[in-house]
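A.B. asks: Below are the sequence and a predicted model; questions follow.
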Amino acid sequence: MSIWGALNGENGENGENGENGENGENSGVMQTDRFGGRMLSPYTSGALLSAHEGIVGPWLNPIHSPSQGKPNSSKEMERWSPRVRAHILALDTISGLHVSHQTDAPPGGGQKQETIKVQYLPTSKIINRPDPGIPQGSDYFASWQIAKIVQPTPEEIRCNQLKHVRGYADLRRDRSAEILAQLSGHVDFFAGIGFLHRERTRYTNELIAALLRAVVALEMRIKHTVAGRRPIEYSAQVNPMIPTPGHGTYPSGHAVESFMIARVLTKLSKPLDTQLYGPDRKIREQLFRMAARIATNRVVAGVHFPIDNACGQVLGTVLGDFFLARARGKESASFSGWKFKARHYGDLDFPWDGIMEDMLSNRTTPQMPFLDRRPLFDIPGDSTQDEDSEGNRTPLNWLWRKAKREWSDLAASHARVGS
């Protein structure tokens, strides 16, 4: 079983195959006993019943009650099962996020294009408008943009992008094993970079799973708004090597998810990465190269265009940074979103390395002509919850600190070996 398969059993979020996955720990006849480590069988309930009758004896009322748990304390996260924590984090991760769109005409005329905005609307800013004189109809939260995405027109896709799908088709036989494995298990491809393990990095796996749920919800909402046509809808000769998914093409979900994962893992693995490679950060490089390969494989398969991947890379990377900023707990964080201008993309293939260089740099003006930085704003820390005994503030902050500790321990073990 893959490390991701272990999480899929509890969380059930496995694309189109996961609609019935909410049974979690209660599903199946033969289950793993989380306490004894054995497999449960249909005979276990009967055995427990007879054991109960044999040992309980006369009922004795307890003289004390359990202590009341502290309300809304992240410390309680320790007690819940991963499946329960997943549901708690599902709300926390997307709380305050809003997707909207507007229809714009390009400068100089031409076909109108949809512009999609992903904005963060913190409750404190909605309730306490700093300037009551701002008209209610104005775009008050324009400066709180995480991402702004301009949709390519069908004619731009046909003239500039369709040729890449034809060219990449020559790689299908060479990449077929990867493409098939990445239909639903693309997360496993990151396991060999830096080291992911279902037990040793279980909080990291849980964090990735939680963030993936939020990312999938956002990407599907954006796909619905854009309603981009798949390559097979442009040409009968695309003939994809896998079934074309039943949702829109823009942006690529595999690209969004893979680059979000890569971004989060670069942050977690930084202590180990700098210890092993110094400023070269080879783990970071490998993570982004893997994300780019996973995204490119979708074009090879015939179900995406390169521009889908470029937009997905921008969205996935910026969402990774946003979730990491939200995970800081009580600390506020300065944040700058990104704009993807499809009309400036032209016939480019997938310059993922140039995109990443722009997004990781401090340059005010990106080198890629289709990228723009959005205005800087502060993501406020959470002041509504008290810290627990370990300094955790929110459920996401609790899980982030747990995951960070796994990688700090891994770096420390390498340091001991090196000494």
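C.D. replies: Here it is on my side, so go on. Since the structure is predicted, the reported quantities are computational estimates derived from the model, not experimental observations. Numbers count the residues shown, from 1 in each chain.

A.B. asks: drop to CA atoms for contacts and neighbour counts, all remaining ones
C.D. replies: Will do.

A.B. asks: Assumed Asp321 was part of a strand.
C.D. replies: No - read with DSSP: H, G, I helix; E, B strand; the rest coil, Asp321 is helix and lies in no strand.

A.B. asks: if I pick it, what's in contact with it?
C.D. replies: Residues near Asp321 by Cα atoms under 8 Å, 6 or more residues apart in numbering: 263-264.

A.B. asks: again, but for Asp92
C.D. replies: Counting by Cα under 8 Å, 6+ apart, Asp92 makes contact with 395-396.

A.B. asks: For whichever helix or strand it is part of, buried residues please.
C.D. replies: If you go by DSSP states H and E, Asp92 is part of helix 82-94. Residues of helix 82-94 classed as buried: 82-83, 85-86, 89-90, 92-94 (neighbour count, 16 or more other Cα atoms under 10 Å).

A.B. asks: what sits up against the helix or strand following that helix?
C.D. replies: Sequence-wise, the next helix or strand downstream of helix 82-94 (DSSP H and E) is strand 97-104. Strand 97-104 is contacted from outside by 112-121, 218, 221-222, 225, using Cα under 8 Å, 6+ apart.

A.B. asks: Output strand 97-104 as PDB, nothing but the C-alphas.
C.D. replies: The C-alpha coordinates for strand 97-104 follow below in PDB (Å, rounded to 0.1, in the frame of the first residue of the first chain):
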ATOM      1  CA  LEU A  97     -11.800  32.400   0.800                       C
ATOM      2  CA  HIS A  98     -14.100  33.700  -2.000                       C
ATOM      3  CA  VAL A  99     -14.100  33.100  -5.700                       C
ATOM      4  CA  SER A 100     -15.700  35.700  -8.000                       C
ATOM      5  CA  HIS A 101     -15.500  36.600 -11.700                       C
ATOM      6  CA  GLN A 102     -16.100  39.400 -14.200                       C
ATOM      7  CA  THR A 103     -16.300  39.600 -17.900                       C
ATOM      8  CA  ASP A 104     -13.800  41.900 -19.600                       C
END
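
A.B. asks: now it, how far from the chain's geometric center?
C.D. replies: Using Cα atoms, centre = their mean, to the nearest Å, the mean C-alpha position of strand 97-104 is found 20 Å from that of the whole chain.

A.B. asks: hmm, which of the contacts of strand 97-104 are the buried ones?
C.D. replies: Buried by 16+ other Cα under 10 Å: 113-121, 218, 222, 225, out of those.

A.B. asks: and these, which two are the farthest apart?
C.D. replies: Comparing all pairs in the buried ones among the contacts of strand 97-104 by Cα to Cα, the longest separation belongs to Gln113 and Leu121, at 24.7 Å.

A.B. asks: The residue nearest to Pro395 when sequence neighbours are not counted - how many residues pack around it?
C.D. replies: Spatially, and ignoring its direct neighbours in sequence, Pro395 is nearest to Ser74 (5.2 Å; Cα to Cα, 6 or more residues apart in numbering). Here the count is done by other Cα atoms under 10 Å, and Ser74 has 24 residues near it.

A.B. asks: quick one: low-confidence ranges for the chain?
C.D. replies: Filtered on pLDDT under 70, the chain yields the residue ranges 1-40, 106-110, 123-143, 382-392, 413-419.

A.B. asks: Where do the helices of it begin and end?
C.D. replies: Along the chain, counting by DSSP state H, helices occupy 3-11, 44-55, 82-94, 123-127, 154-156, 162-168, 172-181, 202-226, 253-268, 270-277, 282-301, 306-326, 352-360, 395-418.

A.B. asks: Dump these into TSV; add distance to Lys341 as well.
C.D. replies: Output for those, formatted as TSV (distance: least, Cα to Cα, whole Å):
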stretch	distance to Lys341
helix 3-11	34
helix 44-55	60
helix 82-94	25
helix 123-127	28
helix 154-156	13
helix 162-168	19
helix 172-181	28
helix 202-226	14
helix 253-268	17
helix 270-277	31
helix 282-301	19
helix 306-326	9
helix 352-360	13
helix 395-418	32
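
A.B. asks: Of all those, which one is nearest Gly346?
C.D. replies: helix 154-156 (7.4 Å).

A.B. asks: quick one: contacts for Thr296?
C.D. replies: Contacts of Thr296 (Cα under 8 Å, 6+ apart): 306, 309.

A.B. asks: now it: how far from Asp353?
C.D. replies: Applying Cα to Cα, to the nearest Å, the value for Thr296 to Asp353 is 13 Å.

A.B. asks: cool, and Pro279?
C.D. replies: Distance, Pro279 to Asp353, using Cα to Cα: 18 Å.
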